[in-house]
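Undergrad: fold the stuff below for me.
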Amino acid sequence: MNTFVALPIASAVPTAAPAMPPASAKPNPDAALFALIDEFVAADKKYRELRSAVDRMEDAFRHPEPRGKMPDVLRWRRSDKKLGLPMPYICPAFPKPIWDREIHVCSLRGKKWLRSERVLIKDHPTKGMFYSRMWMVTPSKAARTRADEIIAAFDEWNPGGRGDAPPPRGFKKLQRECDRADKVASKLQDQVCGWRATTMEGMLAKVRAAHATLWCKPDKVFDVSTDNISGCAEEMAESIFRDLQSMAMAEASLIPSA
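TA: Next up is the predicted model:
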């Protein structure tokens, strides 16, 4: 007798359903503002780099370092006072009477020199009151000779002391590029500030733009309680305030009246 063994019939293996394509994310209403801010930040960075290059070049040719040791001719002499030379300006920054600064030498460059003296006010209710009497004098021939000696030695030793050295080749071109970059960045900044952000992300993007334009180290944290807000940061703050005002008014218009 044949025995039939019933074999289990394998059930059909269900096939996996095809994955549904992910729903496309809804674009942020301020997406165009984000792109404009990126363009502004890049333009402002270019301007600041050019501005720094102009400043470095200008400082190098207008205020070069003095050439070696200061000549002895520039040291104050007792005879300078007898000749009637103006006393070099003395303050905590320049404690010694010495002809080593343009602020000192400039008083000798004119054809006439300024003189002043303190005069006691007689019969004044408050004792010890003085007033300053000033007048111009023409130096003597000996005084003029000594002054010209000081001026010549100073200008040779510190050629940039007067700050009127001619610009080097390429400086004016660099300056024009910097001015053009400034105009481009300023125009974009005005567009960003005039754009009404409709989301918090848009407002935060304006905050990042303001922080990116600060003339400080990249790792510096901007503290509104201690830092002076001016320039781009001030305009962005005003723009964000207007954004919040517009958003509040739009929300209020959706509230049904009682």
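
Undergrad: now the strands for the stretch 101-250 of the chain?
TA: For the stretch 101-250 of the chain, applying DSSP state E, counting those that start in this stretch gives strands covering 113-120, 130-137.

Undergrad: so which other helices or strands are in contact with the last one?
TA: In this structure, strand 130-137 packs against strand 113-120, with contacts taken as 3 or more C-beta pairs under 8 Å, 6 or more residues apart in numbering; DSSP states H and E. For every residue, glycine as well, the C-beta is placed using N, CA and C.

Undergrad: make TSV from the strands of the stretch 101-250 of the chain and add mean pLDDT to it.
TA: Compiled in TSV, these are given as follows (pLDDT from 0 to 100):
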stretch	mean pLDDT
strand 113-120	82
strand 130-137	83
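
Undergrad: any chance of the ones you listed in TSV with distance to M236 as columns?
TA: Shown next, in TSV, are the strands of the stretch 101-250 of the chain (distance: least, C-beta to C-beta, whole Å):
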stretch	distance to M236
strand 113-120	49
strand 130-137	49
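
Undergrad: quick one: closest of the ones you listed to H63.
TA: Shortest distance between H63 and the strands of the stretch 101-250 of the chain, using C-beta to C-beta, is found for strand 113-120: 25.6 Å.

Undergrad: so what touches the closest one?
TA: When contacts are taken as C-beta atoms under 8 Å, 6 or more residues apart in numbering, the neighbours of strand 113-120 outside the stretch itself are 84-86, 107, 128-139.

Undergrad: what is the nearest of these to R62?
TA: Distance ranking of the contacts of strand 113-120 against R62, using C-beta to C-beta, places S107 first at 20.9 Å.

Undergrad: now the closest one, nearest residue through space, not along the chain?
TA: Counting by C-beta to C-beta, 6 or more residues apart in numbering, the nearest residue to S107 once its immediate chain neighbours are dropped is P86, at 4.5 Å.

Undergrad: circling back: which of the strands of the stretch 101-250 of the chain sits closest to S253?
TA: In this view, the strands of the stretch 101-250 of the chain are compared for proximity to S253 by C-beta to C-beta, and strand 130-137 is the closest at 68.3 Å.

Undergrad: can I have the buried ones of the contacts of strand 113-120 as a PyMOL selection?
TA: Here is the PyMOL command that picks out the buried ones among the contacts of strand 113-120, judged by 16 or more other C-beta atoms under 10 Å:
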select buried, resi 85+86+107+139
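
Undergrad: quick one: which of the contacts of strand 113-120 is nearest P66?
TA: Within those, the smallest distance to P66 is 19.4 Å, found for S107 (C-beta to C-beta).

Undergrad: the closest one contacts D80, doesn't it?
TA: No: at 11.8 Å, S107 and D80 do not qualify as touching, with contact defined as C-beta atoms under 8 Å.

Undergrad: mind listing the helices for this protein?
TA: Using DSSP state H, the helices found in the chain span residues 31-62, 78-83, 102-109, 141-157, 171-194, 200-212, 232-254.

Undergrad: need those helices in JSON lines with distance to P71 and mean pLDDT, can you?
TA: Conversion of the helices of the chain to JSON lines gives the following (distance: least, C-beta to C-beta, whole Å; pLDDT from 0 to 100):
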{"stretch": "helix 31-62", "distance to P71": "22", "mean pLDDT": "91"}
{"stretch": "helix 78-83", "distance to P71": "15", "mean pLDDT": "90"}
{"stretch": "helix 102-109", "distance to P71": "13", "mean pLDDT": "86"}
{"stretch": "helix 141-157", "distance to P71": "5", "mean pLDDT": "94"}
{"stretch": "helix 171-194", "distance to P71": "30", "mean pLDDT": "95"}
{"stretch": "helix 200-212", "distance to P71": "49", "mean pLDDT": "91"}
{"stretch": "helix 232-254", "distance to P71": "48", "mean pLDDT": "86"}
